[in-house]
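Trainee: Give me a 3D structure for the following:
(one chain, ligands or ions: 3)
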Amino acid sequence: MQSDSAEENPKAAGGRDLAANDAAELLYRHATGSIGVSVVASTFLVLISWRQTAQAPLWTWWGLMMAVLILRMLDVRSWHKSRTPRNGSREIRHFGAGVLSAGILWAAFPASFFSTLNETGRAVATIILCGMAGGSATVLAPSQTLALTFCSALIWPATLFFLFSSGFDNRILGALGCVFFAVMAISSRLAHGATMRAIRLSRANEKLLATVTIEQERTEAANSNLKEAQVALHEANRSLEFRIKLRTSDLQREVSEKERYAKELAQLASTDPLTGLCNRAKLIEHLKARLVDAERSAYTLAILFIDLDKFKEVNDIMGHYAGDRVLQLAAKRLASGLPANAHLSRWGGDEFVVVMPDLEHGAAAECLGTILRLALCEPIQVDLETVNLDATVGVALFPEHGRNYDELIRAADVAMYTGKEERRSKVRLFDPSLSRKLTERRMLEHALHKAIPSEEFSLVFEPIMSASEGLCHGMEALLRWRHPQLGEIAPSEFIPLAERTGDIIALGRWVLREACREAMTWPEDTAPIVSVNVSPVQILSGSFVSDVFAILADTGLPASRLQLELTESVFVSDDSATTSVLAELRSAGIQVSLDDFGTGFSCLSYLRSLPIDSLKIDRSFIEGAGGDSRPIVKAILMTAQAFGFKAIAEGVETPAQAEALVLLGADFLQGHLFVPGPLPPEAAREWLALQPRKLLLGQKKRAHG
Ligand code: C2E
Ligand code: MG
Ligand code: MG
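Mentor: Ligands and ions are numbered 1, 2, ... in the order given. As a prediction, this is how the structure comes out:
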């Protein structure tokens, strides 16, 4: 049997299978009722027929019918219970077999029993058969073939019976049977069509429903995801806002801390840590601004350059701590004596600068200088000691003495120096006659800077003789500068200048290299040491030790043949740094001598800790070594002996001085007595060549011994 669904919907095998499944399901679901009706109808037929026909065939028919219906009932039950996957076409065929069996039995009834029944019996039987056929058109609608076959089985045997029976009425009934079959065929087709459409619709609905359900589930899932996402987003937003707030407050704190640091740094960068006054950089910045104002408003501005007198002695005698206290108190005194619009700063060391704007005339500035000087002259109490300070003040005015800060400060500085030199004016106003000095100094600074590359420097050498043997112990290297226009310039003039400008570092390096190189050319058997003067600025430059070692390595001079001469001032500025530099040099075998000894302050405890090998007694004491200065020289020599230092007497000009010094115990002598003046390198070599040989002298001594 063909699946009618396939006829109706031949489009897709999948669709066919689903339609066949649905058709089979409809057939089986409605089968119980139709089987029940068949039981009732067949039993009723037997009841109306049993008096008019032979009993045995009738009950046989009924028995067969019951058997078929019971089998169908069992089939329907097993279908209901079946859990196996549906196969619609096979189930329809199965179902159709039951229906056809019943249909054959229904067709057998008119064929077997109508001839024995009376008219009423036939009429009732026909009505029952037609009723059954009518019902089957609906019940079997899912399968049109089944419905038509079953209808045919129910209608055609009776119809044919009536058509072929005699009598007009029978023929009419036969014709009606044909018409009824035609109506049933049409209605079965319509019912089948409607059923299949309903199945398709239901399928489509189910699909739609499934799609809708899926979409709904998706939408719900999406909604819940959306909700979760919204919640998460909200949380993330809140946490972000919180973090932004935290970060913002952190940043604000950082910014304000940075601002504070920047302020502190700016403050530090512009403040002198000892006195709390503005430093040199801040002064220049302030002065530049005031000069702009002064230019615009055409008023007079004064610069007062204040230098404490003999502050070095305070430092030397009372120590650095007291020196610092004195500077602090001096700064306070100056600040308290200033008008409100004046600006005080520390220029460096014991130097202070006052900027006084808006002056009516220069005399007012001098007046202020006197007031400030008198304030400093008041005795200062430090650690139960009274310090009597004094100061020299140099005054320069804008616009007369300079138009920019540099010119003005230099002018005030020169005025102050002139005041110190003159020793009569403690407050000295710059005047045009000093301009030349200022110009000279500036020119000299400039010339000095170019002097090394221009090879304007040279060295001369002065012998240092051993007092006991009268042999040359060493040669002091002394620097000479011959300027092409200015001629010979004294070391006392250009060395302090080079120290101020910083050129001394390069210059000192050059001297050391030249001196060592020269010493290597001296006769080997005399092999005197070379003594080189070194500025405190060089010692504290940071590269001094490495410079010395590099020069020794380059020139090949043994460290034991090098002596460095330092003045006492080197120990004043920074004890620990100087001491460690000298200790490093001495540990390499280099000797250190304290130059100009006796001119500064040299207390005994201070001497004990100095990392030196010898003292050079200043020339000023040697002159009177045989007379006035004898006790001083004697004391110095005894001190040197006590501390294990060698003593060198410099500036020895006469045999009497030499004799006195030898008697007093000087180890070495130096001065014009031995050579008329320091010797140029060539002359020094020649002079050395004429000296008695140390070695020979030693051999002689041994021979005598
Ligand atoms: P100083 O180191 O005490 O040098 C001794 C000075 O006394 C030299 O003057 C020398 O020519 C002079 N002199 C030596 N014997 C006699 C004498 O019998 N009678 C007299 N009247 N004078 C004598 P100079 O060369 O003018 O040096 C002056 C100062 O300049 C030196 O004093 C030293 O402190 C400094 N100096 C010289 N050369 C250098 C150098 O290369 N580097 C550094 N940093 N300073 C140097
Ligand atoms: Mg010297
Ligand atoms: Mg000296």
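Trainee: Quick check, pLDDT for the residue lying closest to F305 once chain neighbours are set aside.
Mentor: Of all residues not flanking F305 in the chain, A412 sits nearest, at 3.7 Å (CB to CB, 6 or more residues apart in numbering). All C-beta spots, glycine's among them, are computed from the backbone N, C-alpha and C. At A412, the pLDDT value in this model is 94.
Trainee: element containing A412, please.
Mentor: Assigned by DSSP states H and E, A412 belongs to helix 405-422.
Trainee: neighbouring contacts of whatever helix or strand comes next after that helix?
Mentor: Remark: after helix 405-422, the chain's next helix or strand is strand 427-429, criterion DSSP H and E. The contact list for strand 427-429 (CB atoms under 8 Å, 6 or more residues apart in numbering) reads 362, 365-366, 369-370, 373, 392-397, 415-416, 418-419, 422.
Trainee: who does strand 427-429 pair up with?
Mentor: Neighbouring strands of strand 427-429 in its sheet, by DSSP bridges, are strand 391-398 (parallel).
Trainee: now D628, what's its secondary structure?
Mentor: For D628, the assignment made with DSSP: H, G, I helix; E, B strand; the rest coil gives coil.
Trainee: Which positions in the stretch 351-500 of the chain make contact with ligand 1?
Mentor: Neighbours of ligand 1 within the stretch 351-500 of the chain, by CB under 6 Å from any ligand atom: E462, L478, L479, A490, P491, S492, I495.
Trainee: I'd like the residues you listed as TSV, with neighbour count, pLDDT and distance to ligand 3 appended.
Mentor: Shown next, in TSV, are these (neighbours: other CB atoms under 10 Å; pLDDT from 0 to 100; distance: CB to the ion, whole Å):
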residue	neighbour count	pLDDT	distance to ligand 3
E462	20	98	10
L478	19	98	10
L479	20	97	13
A490	9	94	14
P491	13	95	11
S492	7	92	11
I495	19	94	12
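Trainee: out of those residues, which are inside helices?
Mentor: Under the assignment DSSP state H, these contribute P491, S492, I495 to helices.
Trainee: How about the residues of the stretch 551-700 of the chain by ligand 2?
Mentor: Within the stretch 551-700 of the chain, the positions adjacent to ligand 2 are E565, D595 by CB under 5 Å from the ion.
Trainee: Around ligand 1, pick out the residues from this protein.
Mentor: Counting by CB under 6 Å from any ligand atom, the chain sits next to ligand 1 at 462, 478-479, 490-492, 495, 511, 533-535, 565, 595-596, 619, 650-653, 671-672, 678.
Trainee: Distance check, L301 against ligand 3.
Mentor: 43 Å (CB to the ion, to the nearest Å).
Trainee: about what we covered before: quick check: which of the contacts of strand 427-429 are also close to ligand 3?
Mentor: Counting by CB under 5 Å from the ion, no member of the contacts of strand 427-429 reaches ligand 3.
Trainee: Mark which of those residues are buried, thanks.
Mentor: Those of these that meet the buried threshold are 362, 365-366, 369, 373, 392-397, 415-416, 418-419, by 16 or more other CB atoms under 10 Å.
Trainee: out of the residues you listed, who's nearest ligand 1?
Mentor: Using CB to the nearest ligand atom, the shortest approach to ligand 1 within those belongs to T418, at 22.2 Å.
Trainee: next one: stretch 286-295 to chain centre, how far?
Mentor: Computed by CA atoms, centre = their mean, to the nearest Å, the chain-centroid distance of stretch 286-295 equals 41 Å.
Trainee: cool, and stretch 176-184?
Mentor: Remark: stretch 176-184 is offset 102 Å from the chain centroid, using CA atoms, centre = their mean.
Trainee: Check which residues of it are buried.
Mentor: So for stretch 176-184, counting by 16+ other CB under 10 Å, buried means G177, F180, F181, M184.
Trainee: of all those, which comes closest to ligand 3?
Mentor: Nearest to ligand 3 among the buried residues of stretch 176-184 is M184, at 152.7 Å by CB to the ion.
Trainee: my guess is that closest one meets G135, correct?
Mentor: No. M184 is beyond contact range of G135, at 10.5 Å (criterion: CB atoms under 8 Å).
Trainee: how about the residue nearest the centre of the chain, secondary structure?
Mentor: What sits nearest the mean C-alpha location of the chain, by CA atoms, centre = their mean, is E254, with 14.3 Å. Applying three-state DSSP to E254 yields a three-state assignment of helix.
Trainee: That one and ligand 3: what is the separation?
Mentor: 58 Å.
Trainee: now do Q563
Mentor: As for Q563, its distance to ligand 3 is 13 Å (criterion: CB to the ion).
Trainee: do F95 as well
Mentor: 141 Å.
Trainee: quick one: low-confidence ranges for the stretch 551-700 of the chain?
Mentor: Applying pLDDT under 70 to the stretch 551-700 of the chain flags residues 572-575, 600-606, 693-700.
Trainee: The residue in the stretch 201-350 of the chain that ligand 3 sits nearest to sits in which helix or strand?
Mentor: The nearest approach of the stretch 201-350 of the chain to ligand 3 comes at K312, 17.1 Å away (CB to the ion). Element membership of K312 [criterion: DSSP H and E] is helix 311-336.
Trainee: okay, the angle between that helix and strand 391-398?
Mentor: In this structure, helix 311-336 runs at an angle of 50 degrees to strand 391-398, with axes from the mean of the first three to the mean of the last three CA atoms, to 10 degrees as the basis.
Trainee: any residues touching the very next helix or strand once past helix 311-336, and which ones?
Mentor: Going down the chain from helix 311-336, the next helix or strand is strand 343-348, by DSSP H and E. Outside strand 343-348, the residues within contact range by CB under 8 Å, 6+ apart are 272, 274-275, 277-280, 282-283, 286-287, 290, 305, 327, 331, 334-335, 338, 352-356.
Trainee: One more: stretch 405-424?
Mentor: Against stretch 405-424 from outside (CB under 8 Å, 6+ apart): 284, 287-288, 291, 301, 303-307, 309, 353, 392-396, 398, 401-402, 425-431, 434-435, 437-438, 441-442.
Trainee: Could you export that stretch as CSV, CA atoms only?
Mentor: Presented in CSV, the C-alpha positions along stretch 405-424 are these (Å, rounded to 0.1, in the frame of the first residue of the first chain):
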residue,chain,number,x,y,z
TYR,A,405,74.9,92.3,36.2
ASP,A,406,78.3,91.0,35.2
GLU,A,407,79.9,94.4,34.8
LEU,A,408,78.3,95.7,38.0
ILE,A,409,79.4,92.8,40.2
ARG,A,410,83.0,92.9,38.8
ALA,A,411,83.0,96.7,39.4
ALA,A,412,81.9,96.2,43.0
ASP,A,413,84.4,93.4,43.4
VAL,A,414,87.3,95.5,42.1
ALA,A,415,86.3,98.4,44.3
MET,A,416,86.3,96.0,47.3
TYR,A,417,89.8,94.7,46.3
THR,A,418,91.1,98.2,45.8
GLY,A,419,89.7,99.1,49.2
LYS,A,420,91.6,96.2,50.8
GLU,A,421,94.8,97.0,48.9
GLU,A,422,94.6,100.7,49.9
ARG,A,423,94.0,99.8,53.5
ARG,A,424,92.4,103.1,54.1
